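*Asks:* Sequence and computational prediction follow.
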Amino acid sequence: MFRYEKFLRRLPVDGYVRAMATAYQRLVALGDSQTEGLNDGDDASGVRGWADRFAERLAATTSPDLTYANLAVRGCRARHVREQQLPAALALKPDLASVVVGMNDLLRHDYDLEETVAQVEETFAALRATGCRVVTTSFPDVSLMLPVMGWLRPREVELNNRLTEAAERHGVEVLDLFNIGLTSDPAMWSHDRIHGSTLGHQRIAAGMCELMGLPGSDHRWVEPTATAPGLLHVVRRDAWWLATFMVPFLTRQLRGRGPMADRTAKRPQLLPVIERRDDDGRPTRTGEAAV
């Protein structure tokens, strides 16, 4: 049984009250495509994602002087985060960091639970050793996101349990995305049924705001947005997904090819959350380059 709620009860009762008054200066996001923001926008116009949205909310509430870097790279695994992203993050001296990685490990043919957990826990430990506050999430229930992949659920539950235990050991706070019915809501997920839609990224950001106790945050982010699809629709949707996404994915795995080639972090340096486009002071969206 997933033990996230047990972990929550061990958090200080007044932790969220203190968080509301905390002003952060340097937020660094580490992880894979979800943290990068895949499918919330596109590569032509720029992807946004929950981490960008969370940074914007921080800057608008408790942390007006916040600077923000996003080191996430789509397709990466836990080892890449520890070996590549972690040193870059430590060099930026964050006082707040997010670490969400492990699903790409879970989906690979060479998945190793102990290796994955060890890499993530070392990342947690290194960041926390600097005094940085660290947050993470559990992974959404794959059997609700995509029933045809329900056979992965026991493996996912085990990984979530182990990562939550690692988080508890190091004082890392966990946003639960597994034990919420919202996971089954089609509106939460983009066309690939793996990455969040724009709405999905908005909801995850709102959940992170609640975890941090930001002013104006509440628990409404878990409320469903639509009626559950019928069985026939689910069967057709899953069949289409298998042909469109799962078969190409497995082919890449057998050929030893992944989506990380030539990918770099979209925001490797700490920048103000609201950048300036021109002398008139018109703000750009977080993650956009100033012109």
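*Replies:* Received, thanks.
*Asks:* From here on, just use CA atoms for contacts and neighbour counts.
*Replies:* Noted.
*Asks:* Once you drop chain neighbours, what's closest to R57?
*Replies:* C209 (7.6 Å; CA to CA, 6 or more residues apart in numbering).
*Asks:* which SS state does the one you found fall under?
*Replies:* Under DSSP: H, G, I helix; E, B strand; the rest coil, C209 falls in the helix class.
*Asks:* and it, how many neighbours?
*Replies:* Neighbour count for C209, taken as other CA atoms under 10 Å: 24.
*Asks:* The helix or strand encompassing V99: what's the following helix or strand?
*Replies:* V99 belongs to strand 96-100 when assigned by DSSP states H and E. Using DSSP H and E, the helix or strand that follows strand 96-100 towards the C-terminus is helix 103-107.
*Asks:* before we move on, the earlier item: residues touching the residue nearest to R57, list them.
*Replies:* By CA atoms under 8 Å, 6 or more residues apart in numbering, C209 lies in contact with 54, 57-58, 217.
*Asks:* Please identify which of the residues you listed is nearest to R263.
*Replies:* Comparing the contacts of C209 against R263 with CA to CA places F54 closest, at 23.1 Å.
*Asks:* For the closest one, what are phi and psi?
*Replies:* Main-chain torsions, F54, degrees, to the nearest 10: phi -70, psi -40.
*Asks:* and what of the one 5 residues further on?
*Replies:* When quoted as degrees, to the nearest 10, the phi and psi of A59 stand at phi -60, psi -30.
*Asks:* Let the chain start at 33 from now.
*Replies:* Yes, from this point I'll number from 33; that puts the last item at A91.
*Asks:* is it true that it touches D84?
*Replies:* No: judged on CA atoms under 8 Å, A91 makes no contact with D84 at a distance of 10.6 Å.
*Asks:* can you pull out the strands in the protein?
*Replies:* Ranges of strands within the chain are 58-63, 73-74, 78-79, 99-102, 128-132, 165-169, 205-207, 299-304, based on DSSP state E.
*Asks:* So which elements touch the fifth one?
*Replies:* Contact analysis of strand 128-132 by 3 or more CA pairs under 8 Å, 6 or more residues apart in numbering; DSSP states H and E lists strand 58-63, helix 145-160, strand 165-169 as its packing neighbours.
*Asks:* Just the mean pLDDT for that strand, thanks.
*Replies:* Throughout strand 128-132, pLDDT has a mean value of 98.
*Asks:* cool, the first one as well?
*Replies:* Averaged across strand 58-63, pLDDT comes to 98.
*Asks:* Tell me how far it lies from the chain's centre.
*Replies:* Taking CA atoms, centre = their mean, to the nearest Å, one finds strand 58-63 lying 10 Å from the centre of the chain it belongs to.
*Asks:* where along the stretch 133-282 of the chain do the helices fall?
*Replies:* Applying DSSP state H, counting those that start in this stretch to the stretch 133-282 of the chain gives helices spanning 135-139, 145-160, 174-177, 185-202, 230-244, 263-273, 279-286.
*Asks:* Pick the most buried one from these.
*Replies:* Neighbour counts (mean count of other CA atoms under 10 Å) averaged over each of these peak at helix 230-244, with a mean of 22.
*Asks:* Now tabulate the strands of the chain in a markdown table and tack on mean neighbour count.
*Replies:* Conversion of the strands of the chain to a markdown table gives the following (neighbours: other CA atoms under 10 Å):
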| stretch | mean neighbour count |
| --- | --- |
| strand 58-63 | 27 |
| strand 73-74 | 12 |
| strand 78-79 | 18 |
| strand 99-102 | 26 |
| strand 128-132 | 23 |
| strand 165-169 | 22 |
| strand 205-207 | 21 |
| strand 299-304 | 18 |
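*Asks:* Just send these back as JSON lines, with distance to A121 too.
*Replies:* Output for the strands of the chain, formatted as JSON lines (distance: least, CA to CA, whole Å):
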{"stretch": "strand 58-63", "distance to A121": "7"}
{"stretch": "strand 73-74", "distance to A121": "25"}
{"stretch": "strand 78-79", "distance to A121": "20"}
{"stretch": "strand 99-102", "distance to A121": "9"}
{"stretch": "strand 128-132", "distance to A121": "8"}
{"stretch": "strand 165-169", "distance to A121": "12"}
{"stretch": "strand 205-207", "distance to A121": "18"}
{"stretch": "strand 299-304", "distance to A121": "9"}
